[in-house]
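> Provided below for reference: sequence and predicted model.
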There are 2 protein chains.
Amino acid sequence: MKKFRRSGRLVDLTNYLINNPHQLIPLTYFAERYDSAKSSISEDLGIIKEMFESQETGLLVTVAGASGGVKYIPTASVDEIEATLLDLCTKLKDPNRVLPGGYLYMMDIIGNPKLMNDIGRYFATLFANKKVDVIMTMATKGIPLAYAVASYMNVPVCIVRHEHRITEGSLVSINYVSGSTKRIQTMSLAKRSLQEGSNVLIIDDFMKAGGTIKGMINLVDEFQSNVVGTGVLVEADHVDERLVDKYISMTRLSEVNTKDKLITVELGNFFENLKQYREEK
Amino acid sequence: MKKFRRSGRLVDLTNYLINNPHQLIPLTYFAERYDSAKSSISEDLGIIKEMFESQETGLLVTVAGASGGVKYIPTASVDEIEATLLDLCTKLKDPNRVLPGGYLYMMDIIGNPKLMNDIGRYFATLFANKKVDVIMTMATKGIPLAYAVASYMNVPVCIVRHEHRITEGSLVSINYVSGSTKRIQTMSLAKRSLQEGSNVLIIDDFMKAGGTIKGMINLVDEFQSNVVGTGVLVEADHVDERLVDKYISMTRLSEVNTKDKLITVELGNFFENLKQYREEK
C-alpha cells in the first residue's frame, strides 16, 4: 500500500475506528496499513481522540504494552440524547397512533434505522463499561434496537421467540405469565445461541408489566448466565404491578386515552441513569 | 462553536458523512458547523473523497447549485466482498450446522451484527443507483440484514409477518403457496407501513423455491408499489422449480447431505451482478 499523508490517514483511521467499535486494535496494524511509523499513528490518534471527545462522538482508549492498542467506544452527548428523546416523545404523542384496545402503532419508529441506531448508541453509551457478551431480545419488534446496540458494542445477538422453530435445532423453552393479560405463554431460545456463563444485556421495544422481560431473565438463568442490564424503548407506566424492578427506559407512556386519542409520554429513566453514570466516572 | 483546524474537521466530517449516508448535505451546514469558509470545506471534502475512493470505502458525490451539497454513498471493494463471502461459504460448510430435516443452523451468522452490516453494505453498493424508498423483509430472520441494508441506504424498513398482530392496525393479507412444502400460508403487512407508489427492495435471509419472496412481490403489488430488486443471503439451489427468476444471492447452497453431514456452498450470483454493474458505470 502506498504511503499516506496525515490528512488521508485521519480520514481512513476515523472510518476504521467507527466501523470497529469496542475492539482493541494494535498500533502495528495501522502502522502497516499506512506504511507509517508508530509515532505518527500515535499522533494521528491523539488528534482523533481530541476531536471525538470535544464532539462527544466517542472515547479512544489506549492500552499500553505488547498486547496493547487503541479501542474506540462510541458515545453520545447529553444534548444529542435529550434532543432525540424529546423528539421521540413528540412523535409518540401523535393521536393517529392510537389503535383499538389502546395499542399504539409504532412501526414507523421501529422501522426507522437511523433512529434505532441513535438509540442503540445511547444504550451502548450507558452500558459501555459493563462486561456484555451478548444482547438478548424478543422477536419481532425488539430485534432492530437489539442489533443497533449490539453493533455499537461489538457483540452478537440472540433472539428469543414465542413459537417453536424447527430450523434452529434443540431449544430451551420456558413458560411465563404475561403480566398484563395473565395468560400463560411459552418462549424459547435455541440451545446453541447462548453459551453458559454469558453476560447478557436484554433489549426490547416495549415493556408493560414486564412479563416478557421477566421471562427472558428466567431464560438467562436456565442457561446459567447472568443478566447485566435491561433496556427498553418504551415503558408503559399505567400498570398496577411491575414484575421487573431494574430496567432502563428511554420513554415512559403514562396514559393512552382511546376516547379522546390523547397519549401522555415523557422521558424514561435513562436520563437519570446517564447522569448518575457520568457522576460515578 | 470554536474554529476547527483542518485535521479536526477531517475527523468530524468523516464521522458525520459515515453516519449520514445517501443524504444530500449542503456545504453551508458544514461551513456553519466548523465556522469555516465554504472553500475550506470543499478542500476537506476533496481529501475525503480521494481517500474514500482509493480505499473503496465509498463515493462522495457533489451536487452543484443552490440546492446542492455533498452526498456519501457507502461502497465496498471487490476484494473485501470476495474475502467476506468466501469466509461465509466456509462457515456455512461447517457440518455442525446440519439439523434434522436438512435444515441449517444459521443463528450464529444472522446473530453477528458486524457480518450483517458488511453484507448490508454490499447490497447497498449494488443497489446504490436504484431509486429505493423502502426495504421490505419477512419476520424474523430477514430483519437483521434488512436493517443493515436500510441503514446504509438511509431508507425505512417494513416487516411482513406470518401471524396477524393486533398492535399494528389494519393489515393487508395475502395467501401464498410455499414453493417447497406446497402449503398455503398467509402473510400480512400493516396498511400504513407502506405508502402507495413506493419503490421496494426486498431483502431476506433464505430463499428455497421462492414462495415467500413471490408472496412479498404480490404484496407489493397490492400496495400499488414497485419491486426494484430482491436480495437474499443464501439461496438453496436444490429445487426443481424456482418461483422467482430475478434475484441477487450472496451464497448458493447446492447440497445438504444429512447422512454424511456434507454441505456444499458456493458464491451466489451477487458477484456476477457486481461486475456487470461496474462495467455499466
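That came through, no problem.
> would you map the strands across chain A?
Ranges of strands in chain A, per DSSP state E, are A:58-63, A:69-74, A:134-138, A:157-160, A:171-177, A:184-190, A:199-207, A:226-236, A:248-257, A:262-267.
> of all these, which lies closest to chain B?
Closest to chain B of those, according to Cβ to the nearest Cβ: strand A:157-160, at 4.8 Å. Heads up, the C-betas are built off the backbone N, CA and C, glycines and all.
> note down every partner strand of that closest one and its orientation.
Strand A:157-160 pairs in its sheet with strand A:134-138 (parallel), by DSSP bridges.
> so what angle separates the directions of the partner strand and strand A:184-190?
Per axes from the mean of the first three to the mean of the last three Cα atoms, to 10 degrees, the angle that strand A:134-138 makes with strand A:184-190 is 140 degrees.
> quick one, strand A:134-138 and strand A:226-236 angle?
Angle, strand A:134-138 to strand A:226-236, by the same axes, to 10 degrees: 40 degrees.
> now strand A:134-138: mean pLDDT?
Averaged over strand A:134-138, pLDDT sits at 98.
> in that strand, which residues are buried?
A:134-138 (16 or more other Cβ atoms under 10 Å in any protein chain shown).
> cool, and stretch A:17-26?
A:17-19, A:21-22, A:25.
> dump the strands of chain A into JSON lines; add distance to A:Leu85 as well.
Supplementary listing: the strands of chain A in JSON lines, determined by distance: least, Cβ to Cβ, whole Å:
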{"stretch": "strand A:58-63", "distance to A:Leu85": "19"}
{"stretch": "strand A:69-74", "distance to A:Leu85": "17"}
{"stretch": "strand A:134-138", "distance to A:Leu85": "20"}
{"stretch": "strand A:157-160", "distance to A:Leu85": "23"}
{"stretch": "strand A:171-177", "distance to A:Leu85": "30"}
{"stretch": "strand A:184-190", "distance to A:Leu85": "29"}
{"stretch": "strand A:199-207", "distance to A:Leu85": "15"}
{"stretch": "strand A:226-236", "distance to A:Leu85": "10"}
{"stretch": "strand A:248-257", "distance to A:Leu85": "6"}
{"stretch": "strand A:262-267", "distance to A:Leu85": "6"}
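> out of those strands, which gets nearest to A:Ala37?
Across those, A:Ala37 has its closest neighbour in strand A:69-74 (15.5 Å, Cβ to Cβ).
> report the mean per-residue pLDDT for the closest one.
Across strand A:69-74, pLDDT averages out at 97.
> what angle do it and strand A:58-63 make?
With the same axes, to 10 degrees defining the directions, strand A:69-74 sits at 160 degrees from strand A:58-63.
> identify all contacting residues around strand A:69-74.
Outside of strand A:69-74, the residues within contact range by Cβ atoms under 8 Å, 6 or more residues apart in numbering or on different chains are A:17-18, A:20-27, A:29, A:45, A:52, A:57-63, A:121, A:124-125, A:128, A:152.
> how about 6 Å then?
Strand A:69-74 is contacted from outside by A:17, A:21, A:24-27, A:45, A:58-63, A:121, A:124, A:128, A:152, using Cβ atoms under 6 Å, 6 or more residues apart in numbering or on different chains.
> list phi and psi for A:Pro26.
When read as degrees, to the nearest 10, the backbone of A:Pro26 gives phi -70, psi 140.
> picking up where we left off before, just the buried ones from the contacts of strand A:69-74, in PyMOL syntax?
Filtering those down to the buried ones (16+ other Cβ under 10 Å) takes a single PyMOL command:
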select buried, chain A and resi 17+21+25+27+45+58+60+121+124+128+152
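> what's the first-to-last distance across stretch A:191-208?
Using Cα to Cα, to the nearest Å, one end of stretch A:191-208 lies 27 Å from the other.
> contacting residues for A:Val232?
Contacts for A:Val232 were tallied using Cβ under 6 Å, 6+ apart; they are A:204, A:207, A:249.
> the closest residue to it other than its chain neighbours: neighbouring residues, count only.
Nearest residue to A:Val232 in three dimensions, chain neighbours excluded: A:Met207, at 4.4 Å (Cβ to Cβ, 6 or more residues apart in numbering or on different chains). Counted by other Cβ atoms under 10 Å in any protein chain shown, the residues lying close to A:Met207 total 27.
> circling back: please identify which of the buried residues of stretch A:17-26 is nearest to chain B.
Closest to chain B, out of all of the buried residues of stretch A:17-26 and judged by Cβ to the nearest Cβ, is A:Ile18, at 5.6 Å.
> for that closest one, which residues are in contact?
Contacts of A:Ile18 by Cβ under 6 Å, 6+ apart are B:Ile18.
> could you check how far the most centrally placed residue in chain A is from chain B?
Compute the mean C-alpha point of chain A, and by Cα atoms, centre = their mean the closest residue is A:Val149, 2.8 Å away. Using Cβ to the nearest Cβ, to the nearest Å, A:Val149 is found at 9 Å from chain B.
> wait, isn't that residue in contact with A:Ile135?
Yes - assessed by Cβ atoms under 6 Å, A:Val149 is found in contact with A:Ile135 at 5.5 Å.
> need the overlap of contacts for these two.
Common contacts of A:Val149 and A:Ile135, defined by Cβ under 6 Å, 6+ apart, comprise A:Ile203.
> my read: A:Lys131 touches A:Ser198, true?
No - with contacts counted by Cβ under 6 Å, A:Lys131 stays clear of A:Ser198, the gap being 10.0 Å.
> quick check: bridge partners of the residue nearest to A:Val232?
Assigned bridge partners for A:Met207, using DSSP bridges, are A:Glu235.
> what residues does the stretch 151-281 of chain A put near chain B?
A:151, A:156-157, A:167, A:169, A:190, A:193 (Cβ under 6 Å from any Cβ of the partner chain).
> any chance of those in TSV, plus neighbour count and pLDDT?
Formatted as TSV, these follow (neighbours: other Cβ atoms under 10 Å in any protein chain shown; pLDDT from 0 to 100):
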residue	neighbour count	pLDDT
A:Ser151	28	98
A:Pro156	23	98
A:Val157	24	98
A:Thr167	14	77
A:Gly169	19	87
A:Ala190	22	95
A:Ser193	23	95
